[in-house]
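Chemist: Sequence plus predicted model, see below.
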Amino acid sequence: MRIVVNNIAASQTGALTILKSFYDYVDCYEKEHEWIFLLGAPYLEEKEHIKVEVLEKVKRNWLNRLTFDLWNGKNYIKKWNPDVVFSLQNTITFGYKGRQIVYVHQPLGFQKVKKFSFLKKKEREYAVYQYLIGSLINASIKRADKTIVQTKWMRDAILDKTGMDHEKIVNILPDIEDKYCPKEEEEEAFDNHLFFFPSGDILYKNHETVVKACQILNKKGYKDFQVLFTLKDLKSVTDISYDSGHGNIVCAGKLMPEELFSFYRKGTLIFPSYIETLGLPLIEGKMAGSMILASHCPFCLEILEGYENVKYFEPFDQETLAAYMEDIMTGRLKRKKSKAENRGKDKSSWFYVVKELM
């Protein structure tokens with residue numbers, strides 16, 4: 001078979017991770033097929049069974065990208081005469097009459113927690129994704145031969161919004177690298193005054209609720225605790241000025257995977273995000289047996305179903321979050337000893353994705 005993989009949009013960490021993970025899989029295990037990757041930059045290496053086409057002009061700006069997706073792209077893809085087109089960028093190529101399958105991992109248009117505003121500068125980009133790009137994603141799902149998502153909540157949300165047939169929306173949980181996950185014999189002492197939240201500077205990650213919870217704890221006299229963010233500074237995520245004078249919040253910047261798993265083992269993961277497709281730290285924390293304080297949102301409930309070391313709070317309820325942090329620090333809430341979860345599979349999740357393409 002000849003498969004065109006369209007991911008011209010990929011440029012940021014999450015999208016590139018998905019792209020490279022899929023590329024690595026087909027490079028190793030799908031050599032009997034011909035793969036043509038359409039990219040915006042030369043991220044991948046060509047192989048005997050893999051061709052890489054870089055369309056820099058298409059990637060250059062939104063107008064070029066929309067022009068390609070809505071009008072010109074169909075003719076470009078048609079010349080390759082593919083058996084199927086697989087889009088890793090949430091949208092199909094409109095007007096192309098051949099078989100198309102779309103991988104949807106953009107949740108903004110399907111969540112109901114937050115309505116972003118075009119009038120607020122910090123929310124404008126999110127509003128574009130929620131309403132404008134969200135409309136293109138909806139239209140793509142309705143026209144695609146099949147849609148693949150990562151979680152059940154996304155599948156249910158798409159079915160609810162689009163009214164599509166159930167068999168056209170497939171849920172395949174992605175692979176999670178576990179080489180840094182502790183072995184059963186490895187154990188680090190639990191520090192009940194250490195909390196952390198690994199996340200980029202994205203508005204809906206909701207760092208502000210954690211900052212407000214820290215302020216509450218400071219007012220109650222708590223000084224000897226630390227919350228670690230993987231940010232450069234707080235200014236990128238909140239307008240709140242915070243300086244307790246005790247170093248309670250530390251912006252450590254990006255951490256290496258082995259450092260992250262060390263924190264999962266010895267500290268408490270706070271996960272206040274109210275919009276996620278998957279929530280990777282939840283899976284990693286669960287694998288490591290972490291104590292977790294998570295937002296009461298569908299993706300958290302799905303990923304952490306049946307997990308003992310978790311307490312939930314409403315995403316904008318800093319009082320409840322502060323109360324749980326206090327309970328952990330005072331020992332009223334203890335981490336239960338649990339085996340690190342092994343998510344090993346006989347086959348990669350990409351095996352099941354490729355199966356849908358055939």
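Modeler: Arrived safely.
Chemist: okay, CA-based contacts and neighbour counts for the rest of this
Modeler: Fine.
Chemist: for the stretch 201-350 of the chain, what spans make up the strands?
Modeler: With DSSP state E, counting those that start in this stretch as the criterion, the stretch 201-350 of the chain has strands at 226-229, 249-251, 268-271, 291-295, 310-313.
Chemist: Name the stretch among those that sits most buried.
Modeler: Mean neighbour count (mean count of other CA atoms under 10 Å) peaks for strand 268-271 among the strands of the stretch 201-350 of the chain, with a mean of 27.
Chemist: give me every residue that touches the nearest residue to Lys212 once chain neighbours are set aside.
Modeler: Once flanking residues are discounted, Lys212 sits nearest to Gln318: 6.0 Å by CA to CA, 6 or more residues apart in numbering. Shown here is Gln318, whose contacts under the criterion CA atoms under 8 Å, 6 or more residues apart in numbering are Thr209, Val210, Lys212, Ala213.
Chemist: measure the third one to Tyr312 for me?
Modeler: Using CA to CA, to the nearest Å, one obtains 17 Å as the distance from Lys212 to Tyr312.
Chemist: Then the last one?
Modeler: To Tyr312, Ala213 is 14 Å away according to CA to CA.
Chemist: same question, the second one
Modeler: Here the criterion is CA to CA. By it, Val210 lies 14 Å from Tyr312.
Chemist: any idea how the chain splits into domains?
Modeler: 2-176+346-357, 194-330 (automatic domain parsing).
Chemist: Tell me the span between the first and last residue of the last one.
Modeler: Taking CA to CA, the first and last residues of domain 194-330 lie 12 Å apart.
Chemist: go on, stretch 110-129?
Modeler: 11 Å.
Chemist: got it, and stretch 199-213?
Modeler: For stretch 199-213, the end-to-end distance is 17 Å (CA to CA).
Chemist: all helices of the protein, in order?
Modeler: 13-29, 56-59, 62-67, 73-78, 124-127, 134-143, 152-162, 207-219, 257-266, 280-288, 298-303, 318-330, 349-357 (DSSP state H).
Chemist: Reformat those helices as TSV; add distance to Gly95 and mean pLDDT.
Modeler: Shown next, in TSV, are the helices of the chain (distance: least, CA to CA, whole Å; pLDDT from 0 to 100):
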stretch	distance to Gly95	mean pLDDT
helix 13-29	24	88
helix 56-59	17	86
helix 62-67	12	86
helix 73-78	6	94
helix 124-127	26	92
helix 134-143	10	95
helix 152-162	20	94
helix 207-219	41	95
helix 257-266	42	88
helix 280-288	35	90
helix 298-303	33	94
helix 318-330	48	97
helix 349-357	20	94
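Chemist: Tell me which of these is the most buried.
Modeler: Greatest average neighbour count among the helices of the chain goes to helix 280-288 (a mean of 22), per mean count of other CA under 10 Å.
Chemist: Next, the angle strand 291-295 makes with that one.
Modeler: Orientation note: helix 280-288 sits at an angle of 150 degrees relative to strand 291-295 (axes from the mean of the first three to the mean of the last three CA atoms, to 10 degrees).
Chemist: Tell me which other helices or strands helix 280-288 touches.
Modeler: helix 257-266, strand 268-271, strand 291-295, helix 298-303 (3 or more CA pairs under 8 Å, 6 or more residues apart in numbering; DSSP states H and E).
Chemist: can you give me how far it is from the chain middle?
Modeler: 13 Å (CA atoms, centre = their mean, to the nearest Å).
Chemist: Could you find the closest non-adjacent residue to Ser348?
Modeler: Asp175 (6.5 Å).
Chemist: and if you look at Gln226?
Modeler: Leaving aside its chain neighbours, Gln226 sits nearest to Asn248 (4.5 Å; criterion: CA to CA, 6+ apart).
Chemist: Neighbours of that neighbour, how many?
Modeler: Counted by other CA atoms under 10 Å, the residues lying close to Asn248 total 22.
Chemist: Quick check: it touching Asp224?
Modeler: Yes. Shown here, Asn248 and Asp224 form a contact pair, counting by CA atoms under 8 Å, at 7.4 Å.
Chemist: wait, isn't Pro272 in contact with Tyr312?
Modeler: No. Using CA under 8 Å, Pro272 is not in contact with Tyr312, being 9.4 Å away.
Chemist: joint contacts of these two?
Modeler: Leu293, Ala294, Ser295.
Chemist: any idea of the pLDDT on Lys146?
Modeler: What the model reports for Lys146 is a pLDDT of 97.
Chemist: so who does it touch?
Modeler: Gln100, Ile101, Val102, Lys168, Ile169, Val170.
Chemist: Between the two ends of stretch 157-169, how far is it?
Modeler: 11 Å.
Chemist: hang on, the earlier thing: can you add distance to Lys336 and give the domains of the chain back as TSV?
Modeler: Shown next, in TSV, are the domains of the chain (distance: least, CA to CA, whole Å):
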stretch	distance to Lys336
domain 2-176+346-357	24
domain 194-330	6
